[in-house]
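Q: Give me a model of this one.
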Amino acid sequence: IGNKIVNISADISAYAKQIQVAIQSRLYDASLYQGKQCVLHISLAPDGSLKSITSEGGDPALCQAALMAAKTAKIPKPPSQAVYEKIKDAKLDFKL
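A: Residues are numbered from 1 along each chain as shown. Next comes the predicted model:
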């Protein structure tokens, strides 16, 4: 059972990275925000579509850009139901 927990944790980390990459790919000019960060609170549907997103602190310019980018990002479907349950309502530390 220990391996399952480790695998799910690795899957969650990998999926969170996919979400960040999807959002970052929609930023107009990511280099403008180098070294900055924003905490995003995301709520996802089972298919990966964004139900809601808010910013909860960090660089105001990056947060605004990330919110707009997230609304057009193609976020992939979670790899498993277990990952979805852990990340369907999560905070994402968005750093560039």
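Q: so how far is stretch 39-55 off the chain centroid?
A: Mean-position distance between stretch 39-55 and its chain equals 8 Å (CA atoms, centre = their mean, to the nearest Å).
Q: Repeat that for stretch 20-34.
A: Averaged over its C-alpha atoms, stretch 20-34 has a centre that lies 12 Å from its chain's centre (CA atoms, centre = their mean).
Q: same question for it, mean pLDDT?
A: Stretch 20-34 shows a mean pLDDT of 91.
Q: quick check, residue 43 in a strand?
A: Yes. Secondary structure assignment (DSSP: H, G, I helix; E, B strand; the rest coil) places residue 43 inside a strand.
Q: pretty sure it is touching residue 89, no?
A: Yes. The pair residue 43 and residue 89 passes the contact test of CB atoms under 8 Å, sitting 5.1 Å apart. Placement of C-beta: from N, CA and C, glycine included.
Q: what kind of secondary structure is residue 53 in?
A: Here residue 53 takes the strand state, with states given by three-state DSSP.
Q: From residue 65, how far out is the residue nearest the centre of the chain?
A: Within the chain, the residue whose C-alpha comes closest to the C-alpha centroid is residue 19; the distance, by CA atoms, centre = their mean, is 3.9 Å. When distances are taken as CB to CB, to the nearest Å, residue 19 and residue 65 turn out to be 16 Å apart.
Q: What about residue 79, how many residues nearby?
A: Number of residues near residue 79 (other CB atoms under 10 Å) recorded here: 14.
Q: Next: residue 9.
A: By the other CB under 10 Å criterion, the neighbourhood of residue 9 contains 12 residues.
Q: ok, now which ones touch it?
A: Not one residue lies near residue 9 by CB atoms under 8 Å, 6 or more residues apart in numbering.
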